[in-house]
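Undergrad: below is the sequence, then the predicted model.
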Amino acid sequence: MNLIVCLDDKNGMMFNKRRQSQDRLLRERVLALVPGKLYMSAYSAKQFGENEKICTCEAFPCNLEENDFYFAEDAEISLENVKQIIIYRWNRHYPADKRFTFDLLALGFTKISAEDFIGNSHPKITEEIYKR
C-alpha cells in the first residue's frame, strides 16, 4: 500500500489531537496523484470536503490492497505492508505531540525524489517519495 503523511521539520504530525497545518494546493496535489480511492479517517476527510475519491476508515490499514493510498494524520500507523511513502514537509517547526518516528532507511526505504512546490498557505512545501 501507499502511505501519505504531512510532517513539520521535526517529523511532527499533530498537536493536541489536531493537525498542525493544512494547505488547499497540497490537497489538490494529493487528489491528482492518487489514481483511485484515497482512504483516511473521518477527521482527515473533513478537510478534503465532498470528493468521490475519498473513503473513510478509522482502523489503519483498513484492509487496503497493494496499490491503495492512505492519508494518515491521526491514525496509528505501521509500515509493515507499505511499499511507498509520500511525505509532504511543511518546512516549518510547529508544536507537536504526535510524531512520525520511523527510520525509513533502516526499514529498507529509499528516497526516489524530492520536489518543492508553492502551496496556498505555505511558500514552500516539499514532496518526498520513498520506495521500499
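TA: Looks like it came in fine.

Undergrad: can you list the strands that the helix or strand bottoming out on mean pLDDT in the chain pairs with?
TA: Every helix and strand in the chain was compared by mean pLDDT, DSSP states H and E; the lowest is strand 18-19, with a mean of 90. Sheet partners assigned to strand 18-19 using DSSP bridges are listed as strand 12-15 (antiparallel).

Undergrad: what distance separates the strand it pairs with from the centre of its chain?
TA: 12 Å (Cα atoms, centre = their mean, to the nearest Å).

Undergrad: contacts for it, please.
TA: With contact meaning Cβ atoms under 8 Å, 6 or more residues apart in numbering, strand 12-15 is reached by 5-7, 19-20, 72-74, 93-100. In short, each C-beta sits where N, CA and C put it, glycine included.

Undergrad: hmm, back to that, helix or strand next in line after the least confident helix or strand of the chain, which one?
TA: Per DSSP states H and E, the first helix or strand lying C-terminal to strand 18-19 is helix 24-33.
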